[in-house]
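J.: Task: produce atomic coordinates for the following.
(2 chains)
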Amino acid sequence: NAGVTQTPKFQVLKTGQSMTLQCAQDMNHEYMSWYRQDPGMGLRLIHYSVGAGITDQGEVPNGYNVSRSTTEDFPLRLLSAAPSQTSVYFCASGGIVKQETQYFGPGTRLLVL
Amino acid sequence: AQSVSQHNHHVILSEAASLELGCNYSYGGTVNLFWYVQYPGQHLQLLLKYFSGDPLVKGIKGFEAEFIKSKFSFNLRKPSVQWSDTAEYFCAVNEGGSYIPTFGRGTSLIVHP
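T.: Residues are numbered from 1 along each chain as shown, chains lettered A, B, ... in the order given. Modelled structure (predicted):
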């Protein structure tokens, strides 16, 4: 199993550009989520999904869109990038029982100029 | 809303020193507790977790954590740290029946050889 994969690893954008961060998992997990990690702020939940066709907002959803058309994939879209979105983005997946461990991807480091 | 506090933001130790990282949560009901570790340049991975039973939980690499319900705490300990323990450590809590973890802000540990 590859676990949770993310692409790209690094990305530089100009303000106003759009892009999609890809996330895929091969563990048949129902739950997938996106976090951003900023110095001193820890991990903040952006969006999450509990299955194909079901998504919901987390703590910091503004400026981001998600969709879940399959169990495996959970892309994160930045519609109009802003410098405040410079961060490291992690995708995670897990089961939908309370005891489940979260499995994290390797992260995408995004710089918005 | 659930909150998770990690009071030590930065910890610097010498090799062989003992480690204790604090984690407190605010939810008064049943919780499931996790410690994750993020080594430099890597993604988060599970260190240990508590669901029920013995409140002293042993994890990988000699780490352990103790759940003290009366203190709403789940502190991480290691008797003798190594240089390779240099990493960021995150406490996470699932409240009640939720599968969505709330993360603390993280503690950065630097171990000097």
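
J.: roughly how far apart are residue A:44 and residue B:31?
T.: Separation of residue A:44 from residue B:31 (Cβ to Cβ, to the nearest Å): 20 Å. Every C-beta, even on glycine, is put in place using the N, C-alpha and C of the backbone.

J.: now residue B:103
T.: 14 Å.

J.: just to revisit the earlier point, when residue A:44 and residue B:31 are compared, which one has more neighbours?
T.: Here residue A:44 and residue B:31 are compared on neighbour count by other Cβ atoms under 10 Å in any protein chain shown; more neighbours surround residue B:31, at 23 against 16.

J.: Show me the shaky parts of chain B.
T.: Scanning chain B for pLDDT under 70 picks out B:1.

J.: Let me know the helix or strand that the one residue in it that gets nearest to chain A is in.
T.: The nearest approach of chain B to chain A comes at residue B:105, 3.6 Å away (Cβ to the nearest Cβ). Residue B:105 is part of no helix or strand, with elements assigned from DSSP states H and E.

J.: out of everything not next to it in sequence, what's closest to the residue in chain A positioned nearest to chain B?
T.: For chain A, the residue closest to chain B is residue A:42, as judged by Cβ to the nearest Cβ, at 3.6 Å. In space, residue A:42 comes closest to residue B:105 once its chain neighbours are excluded; the distance is 3.6 Å by Cβ to Cβ, 6 or more residues apart in numbering or on different chains.

J.: so what's the one you found up against?
T.: Residues counted as contacts of residue B:105 (Cβ atoms under 8 Å, 6 or more residues apart in numbering or on different chains) are A:40-42, B:6, B:9.

J.: Angles on the backbone of it, please.
T.: phi -80, psi -10 (degrees, to the nearest 10).

J.: Also residue B:103?
T.: Recorded main-chain torsions at residue B:103 are phi -100, psi 150, according to degrees, to the nearest 10.

J.: these two touch, right, it and residue A:42?
T.: Yes. Judged on Cβ atoms under 8 Å, residue B:103 makes contact with residue A:42 at a distance of 5.5 Å.

J.: my guess is the residue of chain A closest to chain B meets residue B:107, correct?
T.: No. With contact defined as Cβ under 8 Å, residue A:42 does not reach residue B:107; the gap is 9.7 Å.

J.: got a list of what the residue nearest in space to the middle of chain A touches?
T.: Nearest residue to the geometric centre of chain A (Cα atoms, centre = their mean): residue A:34, 2.9 Å. Contacts here follow Cβ under 8 Å, 6+ apart; on that basis residue A:34 touches A:21, A:23, A:45-48, A:58, A:64, A:66, A:74, A:76, A:89-92.

J.: Close to chain A: what parts of chain B are there?
T.: Contact residues, chain B versus chain A (Cβ under 8 Å from any Cβ of the partner chain): B:6, B:9, B:32, B:34, B:36, B:42-46, B:49, B:51, B:90, B:92, B:94, B:96-101, B:103-106.

J.: Buried residues in the longest strand belonging to chain A, which are they?
T.: In chain A, taking DSSP state E as the definition, the longest strand is strand A:42-51. By 16 or more other Cβ atoms under 10 Å in any protein chain shown, the buried positions in strand A:42-51 come out as A:42-50.
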